[in-house]
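> Got a sequence here, can you model it:
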Amino acid sequence: MPNKETGYYAILHKQICDNFSQCPSMLACEESGQKYGHPTAIYIDKEGKIDINKENCIGCTLCMQKCGLFRMVANLYQELETMKEFSND
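Residues are numbered from 1 along each chain as shown. Sure, this is the predicted structure:
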């Protein structure tokens, strides 16, 4: 579900992401959350990999600025097209 304020949220190309413990995008998301008072959207999942909680994503694009593996999407169709693009990589 897109963020109510911006209409956008982040998705990550997980298949090629390998910067788990020192993820610059996750750190930027945490800093943004602390500064603006919103929950952190990027986290490390049970498998030790980076993931995104779409409900917490405010669409600020800081993750995209820090890492080229993130994309912003606004609706289900756009997300499906982006995931199709990622599967071709």
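> Name the residue closest to the centre of this structure, please.
Nearest residue to the geometric centre of the chain (Cα atoms, centre = their mean): A10, 3.7 Å.
> who's in contact with D45?
Counting by Cβ atoms under 8 Å, 6 or more residues apart in numbering, D45 touches D51. All C-beta atoms are positioned from the backbone trio N, CA, C, and that covers glycine.
> distance of it from N53?
Going from D45 to N53 by Cβ to Cβ, to the nearest Å gives 10 Å.
> okay, E5: pLDDT?
At E5, the model reports a pLDDT of 62.
> I figured K66 was touching P24, is that so?
Yes. Counting by Cβ atoms under 8 Å, K66 touches P24, with 4.1 Å between them.
> Which one's more surrounded, those two?
Using other Cβ atoms under 10 Å, the more surrounded residue of K66 and P24 is K66, with 18 against 13.
> do you know how far that one is from E85?
Taking Cβ to Cβ, one finds K66 at 20 Å from E85.
> Which parts of the protein are helices?
Shown for the chain, the helices assigned by DSSP state H span residues 24-36, 62-66, 76-87.
> So which bits of the longest one are buried?
Buried residues in helix 24-36, defined by neighbour count with 16 or more other Cβ atoms under 10 Å: 25-26, 28-29, 32-33.
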